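Enquirer: how would this look folded up:
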Amino acid sequence: MPTLHRVIVRPVITEQTSLAYQEKGEYVFEVHPDANKQEIKQAIERLFNVKVGQVWTMNVRGKTRRVGTSIGRRPHWKKAIVTLKEGTIDTFGFEG
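Expert: Below is the predicted model:
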């Protein structure tokens, strides 16, 4: 299994995820495809010093995309939505 820093690939910051954070306190991350919910929970708790309440995971299919005259495909990736019991994560730049 990947190491602690490889479980969490990056935070996903879009208009929808920032709205979800402000309304429901949900954080969205791109995670390693082989990571399970327990590993994601442990990685977030250790990296950000918070208590995780619930973790949802989903596999996102890559979109087909036209590149010139040929058709390409973006890669598949795994997304995790995390709610916290206590604490906030400062990497998103929001005040909780």
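Enquirer: Show me what the residue nearest the centre of the chain is bridged to.
Expert: Compute the mean C-alpha point of the chain, and by CA atoms, centre = their mean the closest residue is Phe29, 1.0 Å away. Phe29 forms beta bridges with Pro11, Ala80, as assigned by DSSP bridges.
Enquirer: For the helix or strand of the chain with the lowest mean pLDDT, buried residues please.
Expert: In the chain, no helix or strand scores lower on mean pLDDT, DSSP states H and E than helix 4-7, which sits at a mean of 81. Using 16 or more other CB atoms under 10 Å as the test for burial, helix 4-7 gives Val7. In short, each C-beta sits where N, CA and C put it, glycine included.
Enquirer: before we move on, what about stretch 5-19?
Expert: Val7, Ile8, Val9, Val12, Thr17.
Enquirer: Now do it: distance to the chain's middle.
Expert: Averaging C-alpha positions (CA atoms, centre = their mean, to the nearest Å) puts stretch 5-19 4 Å from its chain's average.
Enquirer: Which residues outside that stretch are in contact with it?
Expert: 26-32, 35, 39-40, 43-44, 47, 77, 79, 91-92, 94 (CB atoms under 8 Å, 6 or more residues apart in numbering).
Enquirer: next one: stretch 72-91
Expert: For stretch 72-91, contacts defined as CB under 8 Å, 6+ apart pick out 9, 11-12, 20, 24-33, 35, 37, 40-41, 44, 48-66, 94, 96.
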